[in-house]
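>>> sequence plus the predicted model coming up.
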Amino acid sequence: MITLPQRILDEIATQAAEEGPNEACGYLAGRDGAAVERYAMTNADASPEHFSFVPHEQFAALKRAREADLELIAVYHSHPETPARMSAEDIRLANDPSTVYLIYSVPERRIRGFTVTREKEVREHDVRVALDDRNTAQLTG
């Protein structure tokens, strides 16, 4: 399970709106599945259908996470016009079965998480949004 503070979900939604019609993308860093920081990335492809990171931004995000004693716990990107599901392109490009891929759908205003096995089998990954310090709401399924 990944837990996101509402603030990070709001930041992803804002980034997705601002970068539309292209996909917005980035990393989430944290500990034990709880996101603490969001590292927005440039979509080097400038495309509404796929994304790739700018390499020097990737390395900078990894360095910032390590300096803060955090791990990169997820890759996120937006779907400007489609549901929060793994597209054929997303599945094709998913090469690390330990990575959680979060997809934020702009029209649905919804985020979902997935993992992809080496055999390209997609599995849903629970995502919870922390409404406050004591309460979470599940936003998957």
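Done, it's in.
>>> all helices in this protein, in order from the N-terminus.
6-19, 55-67, 88-93 (DSSP state H).
>>> model confidence over the longest one, on average?
Averaging the model's pLDDT scores along helix 6-19 yields 97.
>>> same thing with the last one?
Along helix 88-93, the predicted confidence averages to a pLDDT of 91.
>>> and it, how far from the chain's centre?
15 Å (Cα atoms, centre = their mean, to the nearest Å).
>>> all strands for this protein, in order.
For the chain, the strands defined by DSSP state E occupy 2-5, 25-31, 34-41, 71-79, 101-105, 110-116, 122-125, 127-130, 136-138.
>>> now do the buried residues in the longest one.
Yep, that's strand 71-79 we're talking about. 71-79 (16 or more other Cβ atoms under 10 Å). From N, CA and C alone the C-beta is placed, and that goes for glycine too.
>>> remind me what that strand packs against, helices and strands.
helix 6-19, strand 25-31, strand 34-41, helix 55-67, strand 101-105 (3 or more Cβ pairs under 8 Å, 6 or more residues apart in numbering; DSSP states H and E).
>>> good, wrapping up.
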